[in-house]
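Peer 1: structure for the following, please:
(chains A and B)
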Amino acid sequence: MSEKVRFWILIALLLASIALLVISNRINGQVLVG
Amino acid sequence: MKHLRFVNTLLLVAIILVNGYILLIPLFPALTYWWDSRNNAVAVLEQKIVKPTTTKTVNNQPDGLVIPSMLLDEPIYTGSSAKTLRKGLWVRPTGSTPDQGGNTVIAGHRFTYADPRGSLYHLDKVRVGDPIGLYWQGKKYAYTVREVKVVKATDISIEAPTKDNRLTIYTCTPLWLPKDRLAIIAEEAS
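Peer 2: Modelled structure (predicted):
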């Protein structure tokens, strides 16, 4: 695998990780009932 | 090519750090709880509920909630908006207040990545019979936990008015997938 392809895969993984962090924070931020 | 290889290494490290944070940071409060509980902190907070007994000291006490069994000693906040939760423990405007009697309801975050040590992270450590102290407008109210239960997030019955004087405290559960609410119901000690 070329370094260029690896670069784009890593960028995608990093963005996905950050998205997971943001989504997790939103889910855990809910506390209200009703 | 050598430059790109270095960038890729940095990206890999960043990915490991972000995912490590996601996985490990929810466990951080458990670690601090274990550490704090080694230092007799529960007994110190239990003393705080029993004392102060003088009116003067109580008057100097800001509004706050003390639950020794979960090492909680934090101020409480009133407000009509859910943004109050960002400050900490929120006395729900739909509930009553200790001086009026009925059902006083306090909600708080269990865990958020922005603030891992949510006020009610350790609410699951509270058991039936545990003492709770509530400081409200210069007076100290004592409660004893009567019930610990998990309800659906849509179950608003825990906030319903009651004839007896009680304190209802709830937060999200389970920790990683908070689809339900963990609630403790405490009756005012006579």
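Peer 1: got any ranges where chain A has weak pLDDT?
Peer 2: Applying pLDDT under 70 to chain A picks out residues A:27-34.
Peer 1: all helices for it, in order.
Peer 2: For chain A, helices defined by DSSP state H occupy the ranges A:3-28.
Peer 1: so where's chain B shaky on pLDDT?
Peer 2: Within chain B, the ranges that satisfy pLDDT under 70 run B:50-60, B:190.
Peer 1: so where does the residue lying closest to residue B:187 once chain neighbours are set aside fall, helix or strand?
Peer 2: Among residues not flanking residue B:187 along the chain, residue B:146 sits closest, at 4.8 Å (CB to CB, 6 or more residues apart in numbering or on different chains). The C-beta positions use only the backbone N, C-alpha and C, and glycine is treated the same way. Assigned by DSSP states H and E, residue B:146 falls within strand B:139-152.
Peer 1: tell me what angle the following helix or strand past that strand forms with strand B:139-152.
Peer 2: The C-terminal neighbour of strand B:139-152 among helices and strands, as given by DSSP H and E, is strand B:166-173. For strand B:166-173 against strand B:139-152, the angle by axes from the mean of the first three to the mean of the last three CA atoms, to 10 degrees is 40 degrees.
Peer 1: name the element residue B:33 belongs to?
Peer 2: Applying DSSP H and E, one finds residue B:33 within helix B:28-37.
Peer 1: what separates that helix from the chain centre, distance-wise?
Peer 2: With CA atoms, centre = their mean, to the nearest Å as the basis, helix B:28-37 stands 15 Å off its chain's centre.
Peer 1: which parts of the following helix or strand past it are buried?
Peer 2: Using DSSP H and E, the helix or strand that follows helix B:28-37 towards the C-terminus is helix B:41-50. Buried residues in helix B:41-50, counting neighbours by 16 or more other CB atoms under 10 Å in any protein chain shown, are found at B:45, B:46, B:48, B:49.
Peer 1: same question for stretch B:103-120.
Peer 2: B:103-113, B:115-116, B:118-120.
Peer 1: do the same with stretch B:148-163
Peer 2: Neighbour-count burial for stretch B:148-163 [16+ other CB under 10 Å]: B:148, B:151, B:153, B:155, B:158, B:159, B:162.
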